[in-house]
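> Dropping the sequence and predicted coords here.
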Amino acid sequence: MSKITEKQLLIDKIVDSIQDTKGEDILVFDLSGIENAAAETFIICSANSNTQVSAIAGNIQKNVRNDLNDRPWHVEGTENSMWVLVDYVSVVVHIFQKEIREYYDIEEFWGDAKITKIES
């Protein structure tokens, strides 16, 4: 399987996992054309509580592990679940509580990226 197909399967599985746990305002950023980007793809979503942030992160990890036999390289922020980052190297997922997402406004950092909004 090609790297592009593997990455797209990972993106699709992550988005499905977010939607399964009622994540909101899902955006997929294609950063592959941006020099010095931290990853090729960022996926950002919002949740209503730290419990939901935690549930989304757990669901992503479980589904990717079970269906694609892949594990994240790094997970950060699970101590308080205000903002959890799940890093699959080429694809990085940011799961925010709504207020934290609004405060940091990280979408503005990647204004040059091709952005796909996922409808719930």
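Everything's here; your move.
> Quick check: the residue positioned nearest the centre of the chain vs Ile18, distance?
Nearest to the mean C-alpha position of the chain, counting by C-alpha atoms, centre = their mean, stands Val93 at 2.2 Å. Val93 sits 8 Å away from Ile18, taking C-beta to C-beta, to the nearest Å as the criterion. Using the backbone N, CA and C atoms, a C-beta is placed for each residue, glycine as well.
> which residues do the two both contact?
With contacts taken as C-beta atoms under 8 Å, 6 or more residues apart in numbering, the residues that reach both Val93 and Ile18 are 43, 45, 60.
> Out of the residues you listed, give me the one that has the most neighbours.
Ile60 (28 neighbours; other C-beta atoms under 10 Å).
> Am I right that that one is in a helix?
Yes: counting by DSSP: H, G, I helix; E, B strand; the rest coil, one finds Ile60 located in a helix.
> ok, the nearest residue to Val92 once chain neighbours are set aside - contacts?
Closest residue in space to Val92, ignoring its immediate chain neighbours: Ala39 at 4.3 Å, by C-beta to C-beta, 6 or more residues apart in numbering. By C-beta under 8 Å, 6+ apart, the residues touching Ala39 are 31, 87, 89-92.
> Kindly recompute the last result at 10 Å.
29, 31-32, 87-93 (C-beta atoms under 10 Å, 6 or more residues apart in numbering).
> For ChimeraX, what selects the buried ones among these?
To isolate the buried members of the contacts of Ala39 in ChimeraX, using 16 or more other C-beta atoms under 10 Å:
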select :29,31,87,88,90,91,92,93
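> want to throw the contacts of Ala39 into a markdown table with distance to Thr116, pLDDT and secondary structure?
Shown next, in a markdown table, are the contacts of Ala39 (distance: C-beta to C-beta, whole Å; pLDDT from 0 to 100; DSSP: H, G, I helix; E, B strand; the rest coil):
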| residue | distance to Thr116 | pLDDT | secondary structure |
| --- | --- | --- | --- |
| Phe29 | 8 | 93 | strand |
| Leu31 | 12 | 88 | coil |
| Ser32 | 13 | 87 | coil |
| Asp87 | 20 | 98 | strand |
| Tyr88 | 17 | 97 | coil |
| Val89 | 20 | 95 | coil |
| Ser90 | 16 | 93 | coil |
| Val91 | 13 | 97 | strand |
| Val92 | 15 | 96 | strand |
| Val93 | 14 | 98 | strand |
